[in-house]
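*Asks:* Take a look and give me a structure for this.
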Amino acid sequence: MSTQPSKTLETFPNPNPERDFTIRIDIPEFTCLCPKTGQPDFATFQIEYIADQLCVEL
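*Replies:* Reported below is the predicted structural model:
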């Protein structure tokens, strides 16, 4: 049973938009279902960015 992925990215205001700082998010065990086969997939996510006015909520 597959579901449709969300097309929206949740964000929140950067508490210090005047400063440049790097945000790094490591997700070592991400599991999901393949949208084509319905079989389980496994992945590692590494997200790194410099926030401006908004930060990404996971």
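
*Asks:* could you check the distance from Thr44 over to Gln4?
*Replies:* 24 Å (C-beta to C-beta, to the nearest Å). Backbone N, C-alpha and C define where each C-beta goes, glycine included.

*Asks:* more neighbours, the two?
*Replies:* Remark: of Thr44 and Gln4, Thr44 carries more neighbours, 9 against 6, as counted by other C-beta atoms under 10 Å.

*Asks:* wait, the more buried one sits on Phe30?
*Replies:* Yes. Counting by C-beta atoms under 8 Å, Phe30 is a contact partner of Thr44 at 6.7 Å.

*Asks:* What segments of this protein are strands?
*Replies:* Per DSSP state E, the chain carries strands over the ranges 11-13, 22-33, 40-50, 54-56.

*Asks:* Pull out the buried residues from the longest one.
*Replies:* Read that as strand 22-33. For strand 22-33, the buried set under the neighbour-count rule, 16 or more other C-beta atoms under 10 Å, is empty.

*Asks:* Could you give the average pLDDT over it?
*Replies:* The average pLDDT within strand 22-33 is 92.

*Asks:* Give me the below-cutoff pLDDT ranges for this protein.
*Replies:* 1-3 (pLDDT under 70).

*Asks:* Now for Ala51, how many residues are close by?
*Replies:* 19.

*Asks:* do you know how far the residue lying closest to it once chain neighbours are set aside is from Asp52?
*Replies:* Spatial nearest neighbour of Ala51, chain neighbours left out: Asn14 (4.7 Å); criterion: C-beta to C-beta, 6 or more residues apart in numbering. For Asn14, the distance to Asp52 equals 7 Å [C-beta to C-beta].

*Asks:* beta partners of Ile50?
*Replies:* Residues in a beta bridge with Ile50, per DSSP bridges, are Thr22.

*Asks:* you'd agree it is up against Ile23?
*Replies:* Yes. Using C-beta under 8 Å, Ile50 is in contact with Ile23, at 7.4 Å.

*Asks:* Report the separation between Pro28 and Glu48.
*Replies:* 15 Å.
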